[in-house]
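1. Mind folding the following:
(one chain, ligands or ions: 1)
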Amino acid sequence: MTVILDGKLLADKITQNLKKKTSGLKVKPKLAVILAGDNPASLIYVRNKQKRAEEIGFETLFLPMPKDVSEENLLENIYILNEMKEVNAILVQLPLPSHINKFSVIEAIAPEKDVDCFNSINVGKLLCGYSPYVPPCTPKGIIRLFDNYNIELEGKNVLVIGRSNIVGKPLSVMFQARNATVTAAHSKTKNLKEIALNSDIIVSAAGCANLVTADFVKEGAVVVDVGINRVNDRLRGDVDFENVAPKTSYITPVPGGVGPMTIAMLMENTLELYQIQNHN
Ligand code: NAD
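-> Predicted coordinates:
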């Protein structure tokens, strides 16, 4: 029997719990969100994150910047946020306009306010097996889903498709820390199907609709779909859900799987940074 990994349900529970914890706080956690440019998808993501933060009872500070904002100006704003005691978490929505060096911006965020775990200090800690201030949101949300459904990772063959700094790379590291045997695949990987067929768990974070089809998946495998693709104006993941689901033991839907967990973990990270900064 296939179990649907219900990310929305779990994310709602986490959100309710965060709301309760926040209601007892005199000074509320504050999340600053920087958006440079007018990418419509980014605008929707940012609005949703801000809305969720406010529902929980966090304060938010939204800093929209024009698409021709200079790198210097953007960095200056980050330095100011780093110094503001009442700001606990800083999020810079990616992608940035092409004239801005993404790495300079990420490195400018104070590690103790780096809510996405993008800064190299935090990424380095994650890689070395020390705790970063907070782990990256999407990988953290996926591991939380596994824990919630008691899915064992130790000793499992895990295929992670995609090696981005945001999802694939940190997720591979976090799976290894749970004693899984990880294959990190990418666009130049040969024999992806063969590797997939040998995997107990497949996570696809490629951004490629219909990449994972039923012939890629062995009976009883766990399949997690991170991908977000627009196909004929509909939201699709990387997995051919209808045909793959019957072969799996557990599978995430799109929407309603990893997406809501990512936002819930962003909120949880905001509260955790607040607690670290306030020593409670
Ligand atoms: P990215 O574009 O930075 O990286 C994609 C990775 O997939 C690359 O490493 C590339 O080598 C690999 N890849 C691409 N096509 C492939 C193929 N045919 N075979 C094997 N590997 C292939 O993307 P990202 O930021 O990691 O995001 C990946 C997808 O996940 C996107 O669709 C994005 O929108 C989505 N995403 C979803 C969430 C969420 O919360 N659900 C969060 C972050 C990203």
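
2. And the closest residue to the ligand within the stretch 1-150 of the chain, its phi and psi?
-> Going by Cβ to the nearest ligand atom, the ligand is nearest to residue 138 of the stretch 1-150 of the chain, at 4.3 Å. (C-beta placed from N, C-alpha, C; glycine too.) Phi and psi for residue 138, reported as degrees, to the nearest 10, are phi -70, psi -50.

3. Identify the residues contacting it.
-> By Cβ atoms under 8 Å, 6 or more residues apart in numbering, the residues touching residue 138 are 166, 167, 171, 205, 226, 258, 261, 262, 265.

4. What's opposite residue 33 in the beta bridge?
-> residue 62, residue 91 (DSSP bridges).

5. For this protein, what lies in contact range of the ligand?
-> 138, 161-164, 166-168, 185-187, 189, 192, 205-208, 211, 226-229, 258-259, 262 (Cβ under 6 Å from any ligand atom).

6. Using ChimeraX, make a named selection holding only the buried ones among the residues you listed.
-> For the buried members of the residues of the chain next to the ligand, the matching ChimeraX selection, counting by 16 or more other Cβ atoms under 10 Å, is:
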select :138,161,162,163,166,167,168,185,192,205,206,211,226,227,228,229,258,259,262
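
7. Which of the residues of the chain next to the ligand fall in helices?
-> Assignment to helices by DSSP state H places the following of these there: 138, 168, 192, 258, 259, 262.

8. I figured the fifth one was touching residue 10, is that so?
-> No. Under the contact definition of Cβ atoms under 8 Å, residue 259 does not touch residue 10, with a separation of 12.0 Å.

9. hmm, back to that, take the ones in helices among the residues of the chain next to the ligand and write them to JSON lines, including distance to residue 279.
-> Formatted as JSON lines, these follow (distance: Cβ to Cβ, whole Å):
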{"residue": "138", "distance to residue 279": "28"}
{"residue": "168", "distance to residue 279": "34"}
{"residue": "192", "distance to residue 279": "47"}
{"residue": "258", "distance to residue 279": "32"}
{"residue": "259", "distance to residue 279": "33"}
{"residue": "262", "distance to residue 279": "28"}
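
10. Which of the residues you listed sits closest to residue 63?
-> Closest approach between these and residue 63, by Cβ to Cβ: residue 262, at 21.2 Å.

11. okay, and for this protein, where does confidence drop off?
-> Within the chain, the ranges that satisfy pLDDT under 70 run 280.

12. Got the phi and psi for the residue of it most remote from its centre?
-> Using Cα atoms, centre = their mean, the residue of the chain lying farthest from its centre is residue 26. It sits 28.8 Å away. Note on residue 26: its backbone torsions stand at phi -70, psi -50 [degrees, to the nearest 10].

13. ok, now how distant is it from residue 274?
-> 12 Å (Cβ to Cβ, to the nearest Å).

14. Name the nearest residue to residue 120, ignoring sequence neighbours.
-> Excluding the flanking residues, the one nearest residue 120 by Cβ to Cβ, 6 or more residues apart in numbering is residue 107, at 6.4 Å.

15. in which helix or strand would I find the one you found?
-> Residue 107 belongs to helix 102-108 when assigned by DSSP states H and E.

16. now the helices for the stretch 1-150 of the chain?
-> 7-23, 40-56, 71-83, 102-108, 120-128, 137-148 (DSSP state H, counting those that start in this stretch).

17. Rebuild these as JSON lines, extending it with distance to residue 217.
-> Shown next, in JSON lines, are those (distance: least, Cβ to Cβ, whole Å):
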{"stretch": "helix 7-23", "distance to residue 217": "19"}
{"stretch": "helix 40-56", "distance to residue 217": "29"}
{"stretch": "helix 71-83", "distance to residue 217": "43"}
{"stretch": "helix 102-108", "distance to residue 217": "34"}
{"stretch": "helix 120-128", "distance to residue 217": "29"}
{"stretch": "helix 137-148", "distance to residue 217": "17"}
